[in-house]
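S.K.: Could you work out the structure for the sequence below:
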Amino acid sequence: MVQVMVLIMAAVFILGACGASYKQISQDEAMKIMEEETGYLIVDVRRPDEFAEGHIEGAINVPNEEIADEMPEKLPDKDQLLLVYCRTGRRSKEASAKLAKIGYTNIHEIGGINTWPGTIATGD
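M.R.: Prediction:
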């Protein structure tokens, strides 16, 4: 029994240490990054029709459903700072985890546009 527990704990530790991850930050922190830094991408992972109805100004649309095992064409730099959001935060967490799994290293998940305090743009 002790041996089984040791093996389980070792597996959890190894998988946790090897697992890719992303950082969840507040929308206030995201706004501060947008004001003070350059070279980041704002990534809206909702469907194109949702994106067209309203998105964070300057965002690009990379639908969560299209993120799989290969780099999305619109995200060519795996080390670029990505600010990822959706409508409520559920899909952005999913998309952030998938992006981390395929090798993106600087992902900040910022929740949903439904609580975004900044400017909302419409159209494509």
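S.K.: need the strands for the protein, in chain order.
M.R.: 23-24, 41-44, 55-56, 60-61, 82-86, 107-112, 120-121 (DSSP state E).
S.K.: which one of those strands is the most hemmed in?
M.R.: For these, average neighbour numbers computed from mean count of other Cβ atoms under 10 Å are highest in strand 82-86, which has a mean of 27. Where you see a C-beta, it was placed from the backbone N, CA and C, and this is true even at glycine.
S.K.: got the angle between that strand and strand 107-112?
M.R.: Angle of strand 82-86 versus strand 107-112, following axes from the mean of the first three to the mean of the last three Cα atoms, to 10 degrees, is 30 degrees.
S.K.: what about strand 82-86, distance to the chain center?
M.R.: Taking the mean of its C-alpha atoms, strand 82-86 sits 5 Å from the chain's own mean (Cα atoms, centre = their mean, to the nearest Å).
S.K.: Same check on stretch 113-124?
M.R.: Counting by Cα atoms, centre = their mean, stretch 113-124 comes out at 17 Å from the chain centroid.
S.K.: now swap in stretch 72-81 and tell me
M.R.: Computed by Cα atoms, centre = their mean, the chain-centroid distance of stretch 72-81 equals 12 Å.
S.K.: And stretch 64-82, by the same measure?
M.R.: Between the centre of stretch 64-82 and the centre of its host chain there is 10 Å, according to Cα atoms, centre = their mean.
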